[in-house]
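Novice: coords please:
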Amino acid sequence: MLRGIQNATRNWLGRLITGIVLGLIAISFAIWGIGDIFRGFGASTVAKVGSTEIGVERFRQSYNEQMQRLIRQVGKPIPADQARALGLHRQLLGQMIAEAALDENIRQLGLNVPNDIVAQRIRNDPSFRGITGQFDHNRFLAILRELGYTEARFVAERRRQMLQQEIIRSLTGELKAPDIAVDAQNRFANETRAVDYLMLGPDQAGEIGDPTPEQLAKFYDERKQLFRAPEYRKVDVVTLSAEKLASTMNVSDEDVKKAYEADRAKYVTPERREVHQIVFQDEAEARAALDKIRQPGMTFAQFASSPERKGSEVNLGMVPKSQILDPAVADAAFALKPDTTSEPIKGRFGFVLVHIGKVEPEVVRPFEEVAADLKRELALERARKEVRALYDKLEDERGAGGTLAELAKKVGLQVQTIEAVDRSGRGPDGQLVSQLPDTANLFSAIFNAEVGTENDPVQLAKGEGYLWFEVVSTTPSRERPLDEVRERVIERWRNDQVAARLKERAKEAAEKLKASNISEVATAMGTKPQFIVALRRDRTQGDFPATALDAVFETPKDGVGTAQGASPTEWVVFRVTGVTVPTLDPNSADAKRIRDGLASMLTEDLVAQYLANLQASLGATINESALNQVVGGSAN
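Specialist: As a prediction, this is how the structure comes out:
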């Protein structure tokens, strides 16, 4: 969270501190492994680096914060088992251990940052500036409260980061990328090639007859696993969805009207004004400035940009009244007529002259326009409350025992029986089972459950309901006989024949193209010639397949090549007719971007080596038992 409020001020060095430690996870665990556990620390410690311990509660807090950030990003809950499978706890612990190693190094070197320098850095942070452009202590405290930080904790964290930055700066200095590397990167990214090509598909493969019984049997025997029937499960399902329940809710027109009036502000786009202001230390200065502005031929904008201006000029842009922090300024700004300047106003930060430019009037969406949407919202709101009540009711009934079908009937919910579903959510016909919602981990939960046992409910996407299931029976995976899958086997055999024939046709076309032109070869192959003037590595054009880009850029000018297209039944034959090597002005913005990017990569490599060596020399141990207490995994 702390790093989030520093976005406005981080430079390449600041970004390193947060980015490198994440990038070093693999290095960290490669060095330490997971065997060094239960050595020299207790159950309250997750890991130890040198003399620095990472406590269980500290790790738990950081892990929970990380999970909440991810949930906000993906817009739905992340089950604990999925988070463990993705290794999120390992990633976080790797980051914390890398940071702890750097902090340990700082302590060993006896480094510190004086209080006045830390305070100055905080005062200069744009995140904490008020309306005058200066440090606003009230805003500072408000942001810290929102992020869950005390002032002391924030100052300590900022001091820690400053020390880390000094270590990195002393290690790397100002690394510069070699010119030859800049040129190579520019060529790789921006080189273009002219290409003549033709596409070969099933039409160019010729007629493929049916396989003989012997061919088909041999093909099937060699690929039986491809045609094997998966395990299927018969499942009883009870779905409690707020969206479906909302369709049964009775919402009267009177209720909709009351809701509209009660929350009318939601349907109002407030008036916005273009607000400019100049803040002066005393009223006399403000009055003198106003007199100059009102002189013939002088405008507010001209005065604001002139050397005569003594106050601090601030352009608030187009804002509603609610976004102007100073009440006196807000009242004056929304009382003025367009293109007028106020009298001096005594505000929070001094005496203010306010000038109004454009005005966008208030816009109100009429009831008739929003009634239908509002009615749906009210129905959904009532449905959510009913979902909670029915959830509690069904869970209470489950405590008394019984099958899912019996319990659902008691609370008035319907049971759907899915006769057969595989791990991918498909039925025997290969189609997705439409009765089941698209819910993360549902099918893995179904296939991890035992027949006839009670299972935890699965939460629907966005928290809009629940799904209970009970596995009724299982149909084991089995080998399908040839007669059952004959059509699929024939189709697969034919596709393989087409792919093999096209590969040979592509070789034949390439040999012809070496001695002829693309038009003649395309005619001979029964297709059309195509041309691209400027093909790049990072994008394709027309129907030229992206899978063939590497082959084109590995082929020299006037060279001929072949490459498989988007599938084995598509091939491309091409000639590189031109190579354009881009020139790069060393003083251009592109050159600077490339140079900075390469310098950042070189710096990251150097810091990665430093931290890897530092962590190895300090030694690190991981308490797997304590780690799994936090994330709910097994001790292995």
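
Novice: so where's the stretch 251-400 of the chain shaky on pLDDT?
Specialist: 310-313 (pLDDT under 70).

Novice: need the longest helix for this structure.
Specialist: helix 367-398 (DSSP state H).

Novice: ok, then the element right after that helix?
Specialist: On the C-terminal side of helix 367-398, the closest following helix or strand by DSSP states H and E is helix 404-411.

Novice: Which elements pack onto that following helix?
Specialist: strand 232-241, helix 367-398, strand 465-475 (3 or more C-beta pairs under 8 Å, 6 or more residues apart in numbering; DSSP states H and E). Any C-beta I mention is one placed from the backbone N, CA and C, and that applies to glycine too.

Novice: can you pull the buried residues of the helix or strand following it?
Specialist: Elements were assigned by DSSP H and E; along the chain past helix 404-411, the next helix or strand is strand 416-421. Neighbour counts over strand 416-421 (16 or more other C-beta atoms under 10 Å) mark 418, 420-421 as buried.

Novice: One more: stretch 251-270?
Specialist: Judged by neighbour count using 16+ other C-beta under 10 Å, the buried positions of stretch 251-270 are 251, 256, 259-260, 270.

Novice: Throw those into CSV and include distance to residue 468 and secondary structure, thanks.
Specialist: Formatted as CSV, those follow (distance: C-beta to C-beta, whole Å; DSSP: H, G, I helix; E, B strand; the rest coil):
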residue, distance to residue 468, secondary structure
251, 28, coil
256, 33, helix
259, 32, helix
260, 37, helix
270, 46, coil
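
Novice: Kindly reformat those residues as CSV and extend each row with distance to residue 438.
Specialist: Converted to CSV, those look like this (distance: C-beta to C-beta, whole Å):
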residue, distance to residue 438
251, 27
256, 31
259, 31
260, 33
270, 39
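
Novice: Of those residues, which is the nearest to residue 103?
Specialist: Distance to residue 103, by C-beta to C-beta, is smallest for residue 270 among these, at 48.2 Å.

Novice: So the closest one sits against residue 320, correct?
Specialist: Yes: counting by C-beta atoms under 8 Å, residue 270 does reach residue 320; the two are 4.2 Å apart.

Novice: Which stretches in the stretch 1-150 of the chain count as strands?
Specialist: With DSSP state E, counting those that start in this stretch as the criterion, the stretch 1-150 of the chain has strands at 45-49, 52-55.

Novice: roughly how far is the last one from the heart of the chain?
Specialist: Just to be clear, that refers to strand 52-55. Centroid separation between strand 52-55 and its chain, computed with C-alpha atoms, centre = their mean, to the nearest Å, is 30 Å.

Novice: Which positions in it come out as buried?
Specialist: Result for strand 52-55 [16+ other C-beta under 10 Å]: buried residues 52-54.

Novice: out of these, who's nearest residue 192?
Specialist: Closest to residue 192, out of all of those and judged by C-beta to C-beta, is residue 54, at 50.8 Å.

Novice: Touching, that closest one and residue 48? I think so.
Specialist: Yes: counting by C-beta under 8 Å, residue 54 does reach residue 48; the two are 7.2 Å apart.

Novice: got CSV for the buried residues of strand 52-55, with distance to residue 291 and pLDDT too?
Specialist: What follows is those, written out as CSV (distance: C-beta to C-beta, whole Å; pLDDT from 0 to 100):
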residue, distance to residue 291, pLDDT
52, 65, 83
53, 68, 86
54, 65, 89
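
Novice: Quick one: those residues as a markdown table, columns for distance to residue 465 too.
Specialist: Listed next are the buried residues of strand 52-55 as a markdown table, based on distance: C-beta to C-beta, whole Å:
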| residue | distance to residue 465 |
| --- | --- |
| 52 | 46 |
| 53 | 43 |
| 54 | 39 |
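
Novice: With respect to residue 206, which of these is nearest?
Specialist: residue 54 (66.7 Å).

Novice: how close does the residue of the chain positioned farthest from its centre sit to residue 50?
Specialist: The outermost residue of the chain relative to its centre, with distances by C-alpha atoms, centre = their mean, is residue 296 at 55.6 Å. In this view, residue 296 and residue 50 are 74 Å apart by C-beta to C-beta, to the nearest Å.

Novice: what does residue 166 give?
Specialist: For residue 166, the distance to residue 50 equals 19 Å [C-beta to C-beta].
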